[in-house]
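Novice: got a predicted model here, sequence first, then my questions.
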Amino acid sequence: MLIETRNLTKQFGGLTAVKDVDFEIEKGKINAIIGPNGAGKSTFFNLVSGSYIPTSGQVIYRGKDITKLPPNKIAELGVARTFQTTNLFEQATVLDNVIVGHRLRTKYNLLDAVLRTKRYKKEEKKCKDKAMEVLDFVGLTNITDQLAGNITQEEKKRVAFALALATDPEVVFLDEPAAGINSGETEGLAELMKKMVKRGITVCLIEHKMQMIMKLADKIMVLNYGEKIAEGSSEEIMNNQDVIEAYLGGDASA
Amino acid sequence: MPAMTKKSIALIALIIGAMVIPFIIQNEYWLHILTLSFIWSIAVYGLNILAGYTGYLSLAHAGFFAIGAYALGLLTVKVGLNYWVALILACIITSGIGFLIGLIALRTREHFFAIYTLCVGYVIYLVIDKWDSLTGGVRGLIGIPAPSNIGPISFQSATSQYYLILFFLLATVLVMYRIVHSLTGRTFIAIRNSEELAQTIGISTMKNKLTVFVLSTFFAGLAGALYASFIRFIGPDIGYTAIIFDLLTYLLVGGIGTLAGPVVGTILIVSVSQSLQFLQDYRMLIFGPMLTLIIIFYPRGIVGMVSEWKMKWFNKKKKTPAEKWKSTYSDSKDVREDKVKEG
C-alpha cells in the first residue's frame, strides 16, 4: 500500500467531519471514495494532502508519517491533487498554466530569473518540456496555445489533470473529476485515469457518478456522516446493506 | 515572430523617444514633472509585482517609499556617506524592514492584509513625524545632496538627473519583465490565482510571498531614495497614507498586473493632474468618476483595454480570410445550383 490513514479524525467545532477512518490506498490501483453529500469525502482529501491538519490520527505515506507536513512538502514527496472547481489562470495560455506545475522539481531562484543564468534557461526548458509531455499525455497538444478562459469544461478538467501530473506524482487525488461534464466526456476521463494507472501512477478519486465508479474503481470506500461504512470491490459495495441504506434511506430491498 | 519584432521595434522607438525628450522639451518644469513621474513609476512597479501579480494589495508602500527617502537623507546629511553607498544602503534598509513586516503581514490575506498594511503604513508615517531627534519631525530634512559624480559624469543639471532616473526606470522595467516571464513570475501568478492550488503543486507560498514582498519594498525604497536626492528636501508627508492611494490610482488607471501599466498610468495621471492645477482640489471631481469607470469597464486599466482591443482586432483579421473563403465558396455553390436549375 502507498498511503495509509490510521484513525483519521477531523472536527470542526462540534461537528465531526471525518471520524476514525482507516483506509489503505493501494499502489497502482484506482481507489475511490464515495458517499452522500456532506459525508466528509473532500475533508478526507484535505487531510491527506495536508490542507487540513487532523484532530487526531495519522497519515502514513510510504511508511513515513506526513500528518503534519504542509501541502507543498507533501506535493514534493509525490502526492498531487485536483480540486472540485478548476482554478486556472484564464488570461494565460494552457501551456503557461501547466508549466508552473513542474516548478517544485527545479532549483532556481529570483536571481537566476533576473540575470537569465544558464540554470534559468535549463530549468525553464525542463519545465516547458514537462508541460508539453503531460499535455500530450492528457490529449491536449492541439490547444496548448489557447487561453485557458476559452477552452471547454472538459478540457479544463484535463488541464487540471496535466497540472497535477506535471509535479511528477506517485499518487494523484482527484476531487470529483467528472462533475459538470456529460457522459461521453466522462468516459474519456475514465480512460485517462486508466492510462495514468498504466503509467504507474496510483489514482484516488471522489466521485458521484456511480456508474463510472463501479466500472472503474478497483477498491472503494464508502463514507457516511464522516464514518467508513464499507470498503471493498464494486460488487461488494453494491450488495452491501449499509451502503444501500445510506444512499436510499431506510431498509431498501433494491 | 513578426509581431515579436514589431513589439521590440516599438519598444526601442519608445526608449529612443524617452532619450530625446530633453532636447524636445526645453521647458524645465515639464522635464521636472516627467522625471518625478518616472520616480513614482518605480514605486508603482514595486506595488504592481505584489498587488498585481501576486494578489496582495499592500497599502504600506508609501511608508516604505518614505523609509527609502529618509534612509538616504539621513545617511547623506547626518552620517555624510557617499551618495551611491547611501543609495544602496537605503534600498537594503527598506528591504530589511520590509522583510520583518512581511513576516507578520503575510500571515493575513485579502482585505485583512490591506487593512493591516494600511496600519503599518500609518505607523511608519507617525514614527517619522514624531521622532524629532532623528528625522527632524515636521520640519523635515533639508540639504540632501544630488547624486555625486561618477567619474566625469555629474548629475547637477535637470537633464542629467532625468537620464539617471530614466536609467533606473528602464532597469526596473527590465527586472520586472524578466521576473514576470520566468518561472518565478509564474509562481507569483499561481499564488494570485489560487493559493490553495499553488500549495498543492508544491509551491511554498509563504517563502514566495515573502520574496515578492521584500522585492516590492526594495523598489519602493529605491524610488524613495531617488526622490529624496531629486527634490533635495523631504518631509513626513511623503509617507502619508494619501500617497499610497495616489500610487494605487496610477496603477489601476495604467493597468494592474500588466508590465506597461505602472509607467503609463503614472505619467498620464501626473501630467493630467499638473495640467489641471488651476482646478485645485476640484480635480478630484474628474479623477473620481474616471477611476470608477475604468475599474468597472476595464479592470486591467488602459494597458488591459488596449490589449483587449488588439486581440479583438487580431481575431477579426484572422477570421476575415476564412470568412471570405467561406462566402466565395458558398457563392460559387449557389451559382452552380443555379446553373443546375437552369440546366
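Specialist: Nice, I can see it. Small disclaimer: the values here were computed from a predicted structure and weren't measured.
Novice: near chain B, anything from stretch A:194-205?
Specialist: No - under the criterion of CB under 8 Å from any CB of the partner chain, stretch A:194-205 makes no contact with chain B; the nearest approach is 13.8 Å. Just so you know, the C-beta spots here come from the backbone N, C-alpha and C atoms, and that holds for glycine as well.
Novice: I'd like the mean pLDDT over that stretch, please.
Specialist: Average pLDDT, stretch A:194-205: 90.
Novice: might one say that residue B:94 is in contact with residue B:216?
Specialist: No - judged on CB atoms under 8 Å, residue B:94 makes no contact with residue B:216 at a distance of 10.2 Å.
Novice: helix, strand or coil for residue A:230?
Specialist: strand (DSSP: H, G, I helix; E, B strand; the rest coil).
Novice: what sits against it?
Specialist: Counting by CB atoms under 8 Å, 6 or more residues apart in numbering or on different chains, residue A:230 touches A:220, A:221, A:222, A:236, A:237, A:240, A:242, A:243.
Novice: with adjacent residues omitted, what lies nearest to residue A:41?
Specialist: Closest residue in space to residue A:41, ignoring its immediate chain neighbours: residue A:206 at 4.5 Å, by CB to CB, 6 or more residues apart in numbering or on different chains.
Novice: swap that for residue A:112, sorry
Specialist: Nearest residue to residue A:112, sequence neighbours excluded (CB to CB, 6+ apart): residue A:120, at 4.3 Å.
Novice: residues contacting that neighbour?
Specialist: Per CB under 8 Å, 6+ apart, neighbours of residue A:120: A:108, A:112, A:113, B:182.
Novice: pLDDT at it, what is it?
Specialist: Model confidence at residue A:120 (pLDDT) stands at 87.
Novice: wait, a strand at it?
Specialist: No - under three-state DSSP, residue A:120 falls outside any strand and is assigned helix.
Novice: how about the strands in chain B?
Specialist: B:141-142, B:233-234 (DSSP state E).
Novice: looking at those strands, which is closest to residue A:80?
Specialist: Closest of the strands of chain B to residue A:80 is strand B:233-234, at 51.1 Å (criterion: CB to CB).
Novice: how about stretch B:198-213: buried residues?
Specialist: Under the neighbour-count criterion of 16 or more other CB atoms under 10 Å in any protein chain shown, stretch B:198-213 has B:198-205, B:208-213 buried.
Novice: for that stretch, which outside residues touch it?
Specialist: A:49-51, A:70-72, A:75-76, A:80-81, A:100-101, A:103-105, A:110, A:163-164, A:166-167, B:49-50, B:53-54, B:56, B:58, B:98-99, B:101-103, B:105-106, B:184, B:187-188, B:190-191, B:195.
Novice: could you spell out the sheet neighbours of whichever helix or strand residue A:20 is part of, each with its direction?
Specialist: For residue A:20, the element it lies in under DSSP states H and E is strand A:15-25. Note on strand A:15-25: by DSSP bridges, its sheet partners are strand A:3-12 (antiparallel).
Novice: tell me the residues of chain B that contact chain A?
Specialist: B:175, B:178-179, B:182-187, B:189-190, B:193-194, B:196-197, B:199-205, B:211, B:215.
Novice: related to what we said a few turns ago, can you tell me which of the contacts of residue A:120 are in helices?
Specialist: With helices taken from DSSP state H, the overlap with those comprises A:112, A:113.
Novice: just the buried ones from the contacts of residue A:120, in ChimeraX syntax?
Specialist: To isolate the buried members of those in ChimeraX, using 16+ other CB under 10 Å:
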select /A:108,112,113 /B:182
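Novice: quick one: which of the contacts of residue A:120 is nearest to residue A:182?
Specialist: Distance to residue A:182, by CB to CB, is smallest for residue B:182 among these, at 38.8 Å.
Novice: excluding covalently adjacent residues, which one is nearest to that closest one?
Specialist: Residue B:182 sits nearest to residue A:113 (CB to CB, 6+ apart), 3.7 Å away.
Novice: surely the one you found and residue B:185 touch.
Specialist: Yes - between residue A:113 and residue B:185 a contact is recorded at 7.3 Å, counting by CB under 8 Å.
Novice: between these two, which contacts overlap?
Specialist: What both residue A:113 and residue B:185 touch, as defined by CB under 8 Å, 6+ apart, is the set residue B:179.
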